[in-house]
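S.K.: I would like to see how this sequence folds:
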Amino acid sequence: MRERVVRVKGQDEMAMKLLFWELEQHLKSSSGASVVAIDNKIEQAMDLVKSHLMYAVREEVEVLKEQIKELIERNSQLEQENSLLKTLASPEQMAQFQAQTQTGSPPTSTQPPAHAPALPPTQPSHNSGPSA
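M.R.: Modelled structure (predicted):
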């Protein structure tokens, strides 16, 4: 899509150069009677600039729409993760978190992180093979 923008921009640029060259030639060789022709050339140049700007704006709108869509998806994922973490957290962890958010203090590392729930200690297996 960017290649098309560059190609259209290049075509617009060439058309503008040609239009202004024609305008310059016309001004050098014209009399006061050709003011209407000059006005037409100026109007054509303005239309060309307008169409190029409208195309660029539409392109930017599409890019922004895509970014908004990605941000909405990311926000949804984070909300789901947050909900899951809240359900996995113990009441003590939730109370500690709420206290930290109210005071603005940094989290302490005395408890395991909320995203990795603590597992009960495992008993060593007797049939795991010879030990070194």
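S.K.: Let me see the ranges of the helices in this protein.
M.R.: Secondary structure of the chain (DSSP state H): helices at 2-29, 35-88, 91-103.
S.K.: Save the ones you listed as a markdown table, and put in mean pLDDT too.
M.R.: Output for those, formatted as a markdown table (pLDDT from 0 to 100):
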| stretch | mean pLDDT |
| --- | --- |
| helix 2-29 | 68 |
| helix 35-88 | 93 |
| helix 91-103 | 90 |
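S.K.: how about those in CSV, adding mean neighbour count?
M.R.: For every residue, glycine as well, the C-beta is placed using N, CA and C. Listed next are the helices of the chain as CSV, based on neighbours: other CB atoms under 10 Å:
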stretch, mean neighbour count
helix 2-29, 12
helix 35-88, 11
helix 91-103, 11
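S.K.: measure residue 22 to residue 60 for me?
M.R.: Taking CB to CB, to the nearest Å as the measure, residue 22 and residue 60 are separated by 31 Å.
S.K.: How about residue 20?
M.R.: Residue 20 sits 26 Å away from residue 60, going by CB to CB.
S.K.: shouldn't residue 89 be in contact with residue 96?
M.R.: No: using CB atoms under 8 Å as the test, residue 89 is too far from residue 96 to be in contact (9.2 Å).
S.K.: Overlap of the contact sets of those two?
M.R.: Both residue 89 and residue 96 lack any common contact, where contact means CB atoms under 8 Å, 6 or more residues apart in numbering.
S.K.: burial measure for residue 89, as a count.
M.R.: Residue 89: 17 surrounding residues under other CB atoms under 10 Å.
S.K.: I'd like to know the phi and psi angles of it, please.
M.R.: Torsion angles at residue 89 (phi, psi; degrees, to the nearest 10) stand at phi -80, psi 140.
S.K.: Residue numbering should commence at 735 henceforth.
M.R.: Done: numbering now begins at 735, and the last item shifts to residue 823.
S.K.: and the gap between it and residue 770?
M.R.: Going from residue 823 to residue 770 by CB to CB gives 78 Å.
S.K.: got it, and residue 787?
M.R.: For residue 787, the distance to residue 770 - CB to CB - is 26 Å.
S.K.: before we move on, what about residue 789?
M.R.: In terms of CB to CB, residue 789 sits 29 Å off from residue 770.
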